[in-house]
Each structure stands twice: as structure tokens, then as C-alpha cells.
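> Need coordinates for the below:
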Amino acid sequence: MKEIELKLQGKIKRLTNQTFKFDERVKDGWFSAVYFLKTREIVNKYKKDNIVTMQFFQKNHAVLCGTDEVIALLKTFADNPDELEIYSLKDGDQISPFETVLTITGQYQTFGYLEGVIDGILSRRTSVATNVYNVVKAASASGKQKQVIFMGDRDDHYITQAGDGYAAHIGGATAQATHAMNEWWGKQGMGTMPHALIQLFNGDIVAATKAYQETFPEDDLVALVDYNNDVITDSLKVARTFGKDLKGVRLDTSRTLIDQYFLRNQHLLGTFDPRGVNAELVFALRNALDEEGFTHVKIVVSGGFNESRIQEFEERGVPVDTYGVGSSLLKINIGFTGDNVLINGKHAAKAGRRYRPNPRLEKVE
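Model prediction:
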């Protein structure tokens, strides 16, 4: 059973290294800035009996993520981790600028070298979770929550997928492109067909969709319809062929192309940008499907979508059912800072920083 299931059942409070599977070189300081390693040696030589409190914060309104991972990191690699006193918020908590999200109290030389690693975990996980949260929120601006698929596999190094997928889950994404993205939270990746499949059938969307259906009959049948840059024509082809079996069509038109629908109907041009997946194209597709009785066929859009673009679509009532979003969700725009703010229980911090107690913090047992 996945640890996330045990957590949801209340049998454990935090995910552990059974989920995170840290690189053992963390213990050797391989991923720590060298000045932290040098400081550990100096402190161990001259100031080893001092007890410090390290405090972590960031400067945005955000959705916190990475706390379970950080606590597991400390439990795995700190010297005498049970002697540390840790207080923390939880993954998924809404946080404010400068709010303390984590404090660690103990001998500096036992955990201080992990400061930068902790900052990095919190920064990446919180950035992804917050980006996804904002996109999911934008996808409800019409009054109906639309599904958001996390499609970030091609926008970053593959090794980041498990953690990014967990953060996306915390942010509210309910579907993700790869199995790795779902590893920590216990689901499987989802997806239908890429352009490569249609190319191998010489651009014949019906033949490619039929082969998909015959190979994966249990899947919801969703056809990719922009390969020939004529999404309405190809959507109607597959709808007429597969009828009720067709659950949806996906548009992924390049932002450098104008769909052939507008080339056939140039009188519509002149008041909007006709490139890529645009609102007018989606309206026209919905109307074409509905006119032939295919009201059950859902519309999935992808290709360059972000929070502002989704917000615009939703405010205009564009008939999208699902948004596939990738690169915009992986931008690291939230940075965390760790500061030593207390020494032996007394204030001791650099200028501009101070101990900021937070009653929302929970003690980690």
C-alpha cells in the first residue's frame, strides 16, 4: 500500500523516505553548499553545545508543499534526529508572505548543512503546487470546475517527475501524464494519442483512432484532431465513425499555425489572433459537433496554456472541458529562506530577520 493511502486513512501523519527515496550522498554533503560543510566543521570544533533555532519562510501567497519531504530528509540524514525539535505546517496549507512554515531546533552541526537542500525542496514543491493551484482556480472561473491535466513531462528533466507530480496533486491537478508523476500519490498516468501515432497512419485520424480503440478498449476514447491542421473536419470524421464511443477530441494546434477552418472562412478574420488553439476555433468546433448531435463529445485543449490564458477562456465561456498544461506549471518562482533566529533560546539573527512564531505550526513527533 502506498504511504499516501496510509496518510489519508490517518494511520501515519507524514510521508517518509519510503516514498521519497533520497540519494544517500546527501549524508556526505554532496548536495550541500560547501560553506555549510565548512561551518559544520567549525561549529563542531568551537561551538558544538549551542542550540539554535532555524526558521523558514517565503515572500508570496502560496500553497505550501514539501514539508513531508523535508521532515523525512531530517529524520534520514540529521545526526541524532530524535533530538531535534521540529515544528511545521502541512503540505497543502495556504501560506502568506513571511509566514514561518517550519522551525528546527537543535545543535547546528547535526542538521545545519541541510539548509540549502531544505530551501530547494520547499521552493520547487511549493512553486509547482502554487502554479497548479492558480491554474485550477482559473479553470473554474466560469462557475464550473474544469479538469486540469498536468503534462510537464517534456518541460524538465525526467528525474523531477515524481516530486513535481506530487506537488501538482497537492495543487489540485487530478490527472497527470506519466506513471512517475503519480508515483508518490498512488495513481497511474493517463493519456491517449500523440501526433506520432497519427503520422504512422499517414495522417488518417480515423484509422489511428480505430487502432487505439482496438488496442485499448477500456480507455475513454479521445482523438487528437489537429494533425492535419483542420480540427473541425477531423473531429467530425471521428465523431461520425465512432459515435457514442468517442468521448472527446483534443486540440493542440501550434501557435504558429492558423487552422484551415479560418482559411475557408476568411470573413471571420480581422478581430482576433487566429493562430493556435484560440477561443473562436473552440466555439466553432463545439457548434459543429452539436449541430450533428455529438453533444456528448468533450473538448480538451493543450499547447501553451497558462493561468492567464485559461482565465481568459473561462471568462469568455469558451466551451472547453479539460485543459492540458505543461511548462507554465514548472516555473520556480517561489524561493524559501532559512535563518538562524535563536541561539540557546535567545534572539540572535542577522539584521532584518527575527524570530516569527506561528501558532499554526504543529510539533512533529
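
> what's the neighbour count on Gly163?
21 (other Cβ atoms under 10 Å). C-beta coordinates here come from the backbone N, C-alpha and C atoms, glycine included.

> so who does it touch?
69, 124-125, 184 (Cβ atoms under 8 Å, 6 or more residues apart in numbering).

> got it, and Asp49?
Gln107.

> And it, how far from Thr110?
12 Å (Cβ to Cβ, to the nearest Å).

> ditto for Pro274
Taken as Cβ to Cβ, the span from Pro274 to Thr110 is 61 Å.

> who has more neighbours, these two?
Thr110 (21 against 18).

> Is the nearest residue to the more buried one once chain neighbours are set aside in a helix, a strand, or coil?
Nearest residue to Thr110, sequence neighbours excluded (Cβ to Cβ, 6 or more residues apart in numbering): Asp79, at 3.9 Å. Under DSSP: H, G, I helix; E, B strand; the rest coil, the three-state class of Asp79 is coil.

> which residues of the chain fall in helices?
Remark: helices assigned in the chain by DSSP state H are 3-8, 17-20, 34-46, 67-77, 108-111, 115-138, 161-171, 195-200, 205-215, 231-242, 260-264, 279-291, 307-315.

> Figure out which of the ones you listed is closest to Gln55.
helix 115-138 (10.9 Å; Cβ to Cβ).

> quick one: average confidence on that closest one?
For helix 115-138, the mean pLDDT works out to 97.

> That helix vs helix 34-46, what angle?
Comparing the axes of helix 115-138 and helix 34-46 via axes from the mean of the first three to the mean of the last three Cα atoms, to 10 degrees yields an angle of 130 degrees.

> got the angle for helix 115-138 vs helix 161-171?
Going by the same axes, to 10 degrees, helix 115-138 makes 50 degrees with helix 161-171.

> by contact count, what packs against helix 115-138?
Helix 115-138 is packed against strand 51-57, strand 62-63, helix 67-77, strand 147-150, helix 161-171, helix 307-315, strand 337-343, with contacts defined by 3 or more Cβ pairs under 8 Å, 6 or more residues apart in numbering; DSSP states H and E.

> May I see the buried residues of that helix?
115, 117-138 (16 or more other Cβ atoms under 10 Å).

> Now Asn278. Nearest residue, chain neighbours left out?
Phe272 (6.5 Å).

> Show the pLDDT at that neighbour.
Confidence score, pLDDT, at Phe272: 95.

> what sits against it?
Counting by Cβ under 8 Å, 6+ apart, Phe272 has contacts 278-280.

> ends of stretch 163-179, how far apart?
12 Å (Cα to Cα, to the nearest Å).

> mind listing what's buried in it?
Applying 16+ other Cβ under 10 Å to stretch 163-179 flags 163-173, 175-178 as buried.

> repeat for stretch 329-347
For stretch 329-347, by 16+ other Cβ under 10 Å, it's 329-330, 334, 336, 338-342.

> Which of the residues you listed sits closest to Asn44?
When the buried residues of stretch 329-347 are compared against Asn44 (criterion: Cβ to Cβ), the nearest one is Asn340, at 15.6 Å.

> My understanding was that the closest one contacts Ala349; is that so?
Yes - Asn340 is within contact range of Ala349, at 6.7 Å (criterion: Cβ atoms under 8 Å).

> in the sheet, who's paired with Lys363?
Beta-bridge pairing for Lys363 (DSSP bridges): Tyr87.

> Just to check, it is in contact with Tyr87?
Yes - Lys363 lies in contact with Tyr87 (Cβ under 8 Å); the separation is 5.4 Å.

> Who has more neighbours out of the two?
Tyr87 (19 against 9).

> Would you quantify the distance from Gly189 to His347?
49 Å.

> If you could redo that for Trp30, that was the one I meant.
34 Å.

> Likewise for Phe272?
For Phe272 relative to His347 (Cβ to Cβ), the value is 59 Å.
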